[in-house]
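1. 3D model of this:
(4 chains)
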There are 2 protein chains.
Amino acid sequence: MYVHIFVASFGKSTPPLMKIEDEIKQPTFKDEYQKAHINLIYTTGWIQLRQAAAFREFDVTLPQYNILRILRGQHPKPATVNLLIERMLDKTSNASRIVDKLVAKNYATRTVCPSNRRAVDIHITDAGLELLHNMESVVSHQNTGLHNLTPEEAAQLSDLLDKIRD
Amino acid sequence: MYVHIFVASFGKSTPPLMKIEDEIKQPTFKDEYQKAHINLIYTTGWIQLRQAAAFREFDVTLPQYNILRILRGQHPKPATVNLLIERMLDKTSNASRIVDKLVAKNYATRTVCPSNRRAVDIHITDAGLELLHNMESVVSHQNTGLHNLTPEEAAQLSDLLDKIRD
DNA sequence: CAACATTAAATGTATGTACATATATTTGTA
DNA sequence: TACAAATATATGTACATACATTTAATGTTG
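-> I've put the predicted structure just below:
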């Protein structure tokens, strides 16, 4: 016997706190585990949609932005595809093709690594650095919702998530 | 020269609890907010990857499975694309094309709704019902990690997530 | 009723995910 | 040195996401 998932829209949640059962119009869950599970998926989607919206005016996607940040972190040293994969949150995504997009937009360059011709040296360009700089204020002022928590609650959240993956 | 950072791919995290800073080899974060944010994205990805792996043997993806569940909930009444969208966790996904896949696999049928010829009636087939039945035990025994929490902790997690979206 | 707006679904396009496989280069070793 | 294994990246394919546009049917209103 299954409970159904009625989902409203990704809410501009209004003044009173919207519990997950209200957001997706599902009054009951099998147990707290199912409820937390659905809440995790839903809330993470909610956060990422907001982030992507903030990035849209800069014509950059979230994965592209994340890679640019890694490239800036390396700058002026080069990165390789391997290094990008290691540092990305999503290891199964395709760094090579995301770099393609950045190169096409002139935010990164790709050259064969002289010391190891299998590898490629990837550098952020001045235009890429400038883009990140321009995005800075928007990104830092963008409220992802996390700041609705106290620092203690945020730490508590991290601990719970760590425990899930244990 | 820089140290080669090895990231233990989406972990079968080993006995000792792997904190997020270990998982992605980032020793420090700007603050607890950034840490919790990254942990959310990472952990949700971790969970979904495990789920998808469990579904693979049935040759069904997670979105396809979720829609099949909704169709079974309606059965023997039909669903429409609109109804599917309302009940899906991810409203921006394309229900129409996911139904395409289910129809192609003979797990669903699509017929023009007689009372409103703009809409389509979507039904789960016997093969679809059988598939869900066969998946039941695998899905219910699959540990998504949530069960590493106590019910109280799961409830606490839900509360924190609700607060994020407030 | 005609003109226009709304609704339901499908389609188009760009991007990304997930995974398998291919290509080139380098390393290890018999 | 020759040759297999390992490494670094790229490519292919299927699927899904995100969002804009199109097509058809239905409602609405002057």
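
2. hey, which helix is longest across chain A?
-> helix A:32-56 (DSSP state H).

3. so which bits of that helix are buried?
-> Across helix A:32-56, burial judged by 16 or more other C-beta atoms under 10 Å in any protein chain shown covers A:32-47, A:50-51, A:54-55. For glycine as for every other residue, the C-beta is placed from the backbone atoms N, C-alpha and C.

4. list the contacts for A:Leu161?
-> Contacts for A:Leu161 (C-beta atoms under 8 Å, 6 or more residues apart in numbering or on different chains) come out as B:Ile20, B:Ala36, B:Asn39, B:Leu40, B:Tyr42, B:Thr43.

5. distance to A:Thr144 added to those residues, as a markdown table?
-> Converted to a markdown table, the contacts of A:Leu161 look like this (distance: C-beta to C-beta, whole Å):
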| residue | distance to A:Thr144 |
| --- | --- |
| B:Ile20 | 16 |
| B:Ala36 | 10 |
| B:Asn39 | 13 |
| B:Leu40 | 9 |
| B:Tyr42 | 15 |
| B:Thr43 | 16 |
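
6. how is chain A divided into domains?
-> A:1-56, A:62-140 (automatic domain parsing).

7. contacting residues around A:Arg110?
-> When contacts are counted by C-beta under 8 Å, 6+ apart, A:Arg110 touches A:Val99, A:Val103, A:Val120, A:Asp121, A:Ile122.

8. list the contacts of the third one.
-> Contacts were defined as C-beta under 8 Å, 6+ apart; by that measure A:Val120 touches A:Thr80, A:Val81, A:Arg110, A:Thr111, A:Val112, A:Cys113.

9. now do the strands in chain A.
-> Along chain A, counting by DSSP state E, strands occupy A:108-112, A:120-124.

10. and among the ones you listed, the most buried is which?
-> Highest mean neighbour count among those (mean count of other C-beta atoms under 10 Å in any protein chain shown): strand A:120-124, with a mean of 20.

11. which residue comes closest to A:Tyr107 once chain neighbours are left out?
-> In space, and not counting its chain neighbours, A:Tyr107 is closest to A:Gly128: 3.6 Å by C-beta to C-beta, 6 or more residues apart in numbering or on different chains.

12. okay, that neighbour: pLDDT?
-> Looking at A:Gly128, its pLDDT is 97.

13. which residues touch it?
-> A:Leu68, A:Leu71, A:Arg72, A:Leu102, A:Asn106, A:Tyr107, A:Ala108.

14. out of the residues you listed, which is most surrounded?
-> A:Leu71 (26 neighbours; other C-beta atoms under 10 Å in any protein chain shown).

15. so the closest residue to that residue other than its chain neighbours bridges to which residues?
-> With sequence-adjacent residues excluded and distances taken as C-beta to C-beta, 6+ apart, A:Leu71 is closest to A:Ile124, at 3.9 Å. For A:Ile124, the beta-bridge partners are A:Ala108 (DSSP bridges).

16. cheers, nothing more for now.
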